[in-house]
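*Asks:* Provided below are the primary sequence and the corresponding predicted coordinates.
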Amino acid sequence: MEIKTPEFKASSRIALEDVSLQKALGNLRDGFPQKRAAAVARMPEFETLRDQARDLKNHTIEHLDYYLEQFETNVTKHGGQVHWARDGQQAREAILKICQSADAKTVTKGKSMVSEEIALNDYLEENGVQPVETDLGEYILQLREDHPSHIIAPAIHLNLDDVSDIFSKKHGTERTDDPAALMQEAREMLRKQFVGADVGITGANFCVAETGSTIIVTNEGNGDLTQTLPKVHVVITTIDKVVPTLEDMTLYLRLLARSATGQEFTVYNTLSTGPRREEDQDGPDEFHVVLLDNGRSEMVGTDFQDMLRCIRCSACMNHCPVYGSVGGHAYGWVYPGPMGSVLTPKLIGIDKAGHLPNASTFCGTCESVCPVRIPLPKMMRHWREREFEKHLSPTGFRFGLGVWSQFARRPKLYRWLAKLSSLSLKTLSGKKGRLKSLPLKNGWTAWRDLPAPQGGTFMDQWKKEQGNKQHKGGQQ
Amino acid sequence: MSQNARDQILGNIRRGLGRGELSQQAQTQLRERIGQHPRHTIPARGQLDAEGQVALFRSMAEEAAAELIDIDSLEKLPIAVADFLQQNQLKQLLRGSDAALEALDWGPLEGIKVESRPVQAGDPISLTLSFAGIAETGTLMLHSGPNSPTTMNFLTDIHLVALRQSQIVGFYEQAWQQLRETVGENWPRTVNMITGPSRSADIEQRLQMGAHGPKRLVIFMIND
Amino acid sequence: MTATPNSPTGRAPQVGLFVTCLVDMFRPSVGFATVKLLEMAGCRVEVPDTQTCCGQPTYNSGDRRSTAEIARGVIDSFDGYEYVVGPSGSCIGMLHEYPQLFDKTDPYHSRALDLAARAFEITSFLTDVIGADLSLESYSKKVTYHDSCAGLRELGIKKQPRHLLGKVDGVEIEEMEEAETCCGFGGTFCIKYPDISNRMVGNKTKNATATKADVLLGGDLGCLLNMAGKLKREGEKLEVRHVVEVLAGMTDTPAIGQSVEEFNYELAQEA
């Protein structure tokens, strides 16, 4: 997917004015947060589970080498194969090779953000393999040549009309505004694809070291058909998805659906371990796990290690007021919202993704709902520190900040500056109590008045008052 | 390349952690932890008495839009299935070939085409046994095996599942433990945890039932 | 009026007031209201004149080194006070971040920890620390309360201002939708991403005005300036004040962004 992160400002402006997008984002803001809150309220142990989930991920990362090796050993033991990939290119090549050796013409795909991360579809198409997205949202996007704007609700930026339009156009069917009919249409279209595909590619929500299993969590059942019907099942996943045992996985499953959609449990939680057994009547003949790194191993031991705890539930973006205002596409790459603002700079470079960690008020809502308690604002601040160190922040801003910080370290000068600023603003406002514009072009007064200072600084007035008191005291 | 990538990735991780490969002793401890697979906090709702668990399973499964049909014994399953097929005007059935199902008298299904094979597109209805029911969320656990193809759980429009009340456990971890004890080293290719029928809210966040998997999930709950 | 001080020493607790730059520059009355409340609660208040800013502008812009320098100044300024209290969850929250700025071997690290343990936001201090049973002046208005992010999520301030408002005769609290959602101020955020900030504050003012309250209260001047500025631009009459102004009975000044003329007009209308 083309990187449009540097254009964040322009993209967000367009998004804010996009009436249709804003309507769609309204559905998100009114939906997920309330549902999560209700699910959490029904689970008194939720906060304890969050602590345990954080601690267990920390334990796993501290021993990630061991658990990855155990996972590999057990995948192999059950007849599967693990392919390690340092970067997107290696992962794409590994998958293409598997497809080619299966002589694959079409592959069905379950929803996978990692597949988006490595732009797998484009690569397969270029090499003569037709990928077919089977998650309803992803399917709609593929028809539109669009990309996900959310990690679990990929088509959240679209409205019913958009779906009606593209279905009638691409399916050649009569246009309908009935969501149920639209879904039935997709069901019928995809049924043929499920049955005809040579390879099925899914992601994984977790990889279980104990059994060498991968698990996918879906509501539609598309992932299950994707990985059961073709001859070959390929799992594309990343090294941070490993958990030690089934019990550990269960801890995360209790948190995942509740944090994500507010469901008690997702409809299908499916564990895959190796290919079909000899005596099985169905299931794939081959089971491959492509384990992608793509910079994650370099996060271990750094300020960004905690990000490896992420279980991709999307609670952070569902609750983020910035995401809720501009939607996922404005972020300009695969992972939007707060988790993306921390992860994307690592994956594509802070020089390109510099806006993302800055476009946050540090309101802290993301951290407050994160099931694994990732300190997202803190890590966004770490990115700002990297930018500052590398002199990537805008020159004018750096200069202003530099001057200000010199003042802030010198109380007397600071007093003087505060007094001067207060006086100037007060004078500019006249008797109006507020300013409608400021001398310099200013983002504040484009949409807001600036309330005028009351006049005089507190420090001055306090000093005067204390002087008076002492004076009076002296006379008594 | 893959081998090289593996070494590089593991090397990076170890460098980040400021250590080399784990000591034998440390590895043994981790291996033991996996072997013991300790449980985390179990929600209180999963720790009811047997009767409470059945009631909870029932309410959670229904909340997830599964349909429940009570029957007195496994022997009554064929007649209950026959009734269901008749009510829904269905003339064929795919069913699992597990010993417990094979042993039943399928006489009531006379005139119905009954087969035991993987599902093909267009097959309307399947019947399988369940390995366990998990009360905390009304979840069924099923696993693949020679007698229960996974396609039976996903490719038909209606999935019928027989579940004995005695198979209902309170929480997921109990089901995992039972599965370990049952299958031993012969871990199945697929383990399905199923909570209600297929659905999607991908169009405008409006929930629609029956996306790609079964549109109806019907649980025959056997009072044993 | 003076409550029984709840000091470990038995004497009047000695409080250093952390004024905060916005209060210093924009709204001194908030500072005086804070002092009044502290004195009502039996505290002795001093205002160290070497204080400047908590350092958030540099901290949130990634300039750790300057922030640490500023933090040293704040730590020095408030050395020796039993408590450090300020009318802002955001700035006091920043004081709690100081330990992270110093190497553990730096003496300022332990001094920063010490400062953090003594530093409280005003409504939290009155409620959680002093537990003062204040008798407050009445205020017969319908108010709605915006929970500022840092106070709410870093310091756990939610019930405290409402508890204190509950002691004010005549106050009716009408909660708004999404009271806990960020107003879009975010320090430098509102300058760097003004259009997103504008959308956020627009959502906020919509929710606030929907309550039909007379006054919008909050505990952080940054948010209050933002919301008041937006309300004024929208031509809304909803007044905006810092909660301490109401608690201290100091509402005899124009509200935030209100002119003297408008203030007098409103007073005349009420009379």
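*Replies:* Happy to help now that I have it. Numbers count the residues shown, from 1 in each chain, chains lettered A, B, ... in the order given.
*Asks:* how far away is C:M227 from B:G122?
*Replies:* According to C-beta to C-beta, to the nearest Å, C:M227 stands 60 Å off from B:G122. The way it works is simple: take the backbone N, C-alpha and C, and place the C-beta from them, glycine included.
*Asks:* can you check B:R199 too?
*Replies:* Distance from B:R199 to B:G122, by C-beta to C-beta: 22 Å.
*Asks:* When those two are compared, which one has more neighbours?
*Replies:* Between B:R199 and B:G122, counted using other C-beta atoms under 10 Å in any protein chain shown, the more crowded position is B:R199 (24 against 10).
*Asks:* where does that one land on pLDDT?
*Replies:* Looking at B:R199, its pLDDT is 96.
*Asks:* you'd agree it is up against B:Q208?
*Replies:* Yes - with contacts counted by C-beta atoms under 8 Å, B:R199 reaches B:Q208, the gap being 6.4 Å.
*Asks:* As a check, name the ranges of all strands in chain A.
*Replies:* A:81-85, A:106-109, A:130-133, A:199-202, A:206-208, A:213-218, A:232-238, A:242-243, A:268-272, A:286-292, A:434-435, A:450-451 (DSSP state E).
*Asks:* ranking those by burial, who's on top?
*Replies:* strand A:199-202 (a mean of 28; mean count of other C-beta atoms under 10 Å in any protein chain shown).
*Asks:* what's the domain layout of the chain?
*Replies:* All of this is about chain A. For chain A, automatic domain parsing gives the domain ranges A:5-299, A:395-475.
*Asks:* wrong one, chain B
*Replies:* B:1-38, B:40-222.
*Asks:* So what's the gap between the shortest one and the chain middle?
*Replies:* Okay, so that is domain B:1-38. 33 Å (C-alpha atoms, centre = their mean, to the nearest Å).
*Asks:* show me the contacts for B:V191.
*Replies:* B:V191 is in contact with A:213, A:270-271, A:273, B:141-144, B:179, counting by C-beta atoms under 8 Å, 6 or more residues apart in numbering or on different chains.
*Asks:* what do you get for A:L136?
*Replies:* A:L136 makes contacts with A:155, A:183, A:186, A:220, A:222, B:200, B:202-203, B:211-212, as judged by C-beta under 8 Å, 6+ apart.
*Asks:* From chain C, how far off is the closest residue to A:S20 other than its chain neighbours?
*Replies:* With sequence-adjacent residues excluded and distances taken as C-beta to C-beta, 6 or more residues apart in numbering or on different chains, A:S20 is closest to A:N159, at 5.7 Å. Using C-beta to the nearest C-beta, to the nearest Å, A:N159 is found at 19 Å from chain C.
*Asks:* ok so, going back, possible to save the contacts of A:L136 as CSV with neighbour count and distance to chain C?
*Replies:* Output for those, formatted as CSV (neighbours: other C-beta atoms under 10 Å in any protein chain shown; distance: C-beta to the nearest C-beta, whole Å):
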residue, neighbour count, distance to chain C
A:A155, 25, 22
A:M183, 24, 32
A:A186, 25, 33
A:E220, 30, 31
A:N222, 32, 34
B:S200, 26, 28
B:D202, 31, 25
B:I203, 23, 25
B:A211, 27, 32
B:H212, 30, 36
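*Asks:* can you tell me the average pLDDT over the longest helix along chain B?
*Replies:* When chain B is parsed with DSSP state H, its longest helix is helix B:2-17. Helix B:2-17 carries an average pLDDT of 92.
*Asks:* Stretch C:76-87 now?
*Replies:* The pLDDT scores in stretch C:76-87 average 97.
*Asks:* and that stretch, how far from the chain's centre?
*Replies:* 16 Å.
*Asks:* Okay, buried residues for that stretch please.
*Replies:* For stretch C:76-87, the neighbour count (16 or more other C-beta atoms under 10 Å in any protein chain shown) marks C:77-78, C:81-87 as buried.
*Asks:* residues touching residue 75, list them.
*Replies:* No chain in the question, so chain A it is. Shown in contact with A:V75 (C-beta under 8 Å, 6+ apart): A:81-82, A:212, A:273-274, A:287, A:289.
*Asks:* should've been chain C
*Replies:* C:98, C:108, C:111-112, C:115.
*Asks:* how about the strands of chain A in a markdown table, adding distance to chain B and mean pLDDT?
*Replies:* Shown next, in a markdown table, are the strands of chain A (distance: least, C-beta to the nearest C-beta, whole Å; pLDDT from 0 to 100):
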| stretch | distance to chain B | mean pLDDT |
| --- | --- | --- |
| strand A:81-85 | 4 | 98 |
| strand A:106-109 | 10 | 97 |
| strand A:130-133 | 11 | 97 |
| strand A:199-202 | 12 | 98 |
| strand A:206-208 | 10 | 98 |
| strand A:213-218 | 8 | 98 |
| strand A:232-238 | 9 | 98 |
| strand A:242-243 | 11 | 98 |
| strand A:268-272 | 4 | 98 |
| strand A:286-292 | 8 | 98 |
| strand A:434-435 | 40 | 91 |
| strand A:450-451 | 38 | 94 |
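*Asks:* Output the ones you listed as JSON lines; include the columns distance to chain C.
*Replies:* Shown next, in JSON lines, are these (distance: least, C-beta to the nearest C-beta, whole Å):
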{"stretch": "strand A:81-85", "distance to chain C": "32"}
{"stretch": "strand A:106-109", "distance to chain C": "33"}
{"stretch": "strand A:130-133", "distance to chain C": "31"}
{"stretch": "strand A:199-202", "distance to chain C": "35"}
{"stretch": "strand A:206-208", "distance to chain C": "29"}
{"stretch": "strand A:213-218", "distance to chain C": "29"}
{"stretch": "strand A:232-238", "distance to chain C": "28"}
{"stretch": "strand A:242-243", "distance to chain C": "28"}
{"stretch": "strand A:268-272", "distance to chain C": "32"}
{"stretch": "strand A:286-292", "distance to chain C": "30"}
{"stretch": "strand A:434-435", "distance to chain C": "4"}
{"stretch": "strand A:450-451", "distance to chain C": "3"}
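*Asks:* In CSV: those strands, plus distance to B:H159.
*Replies:* Below are the strands of chain A laid out as CSV (distance: least, C-beta to C-beta, whole Å):
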stretch, distance to B:H159
strand A:81-85, 31
strand A:106-109, 21
strand A:130-133, 24
strand A:199-202, 20
strand A:206-208, 25
strand A:213-218, 15
strand A:232-238, 21
strand A:242-243, 29
strand A:268-272, 11
strand A:286-292, 24
strand A:434-435, 65
strand A:450-451, 63
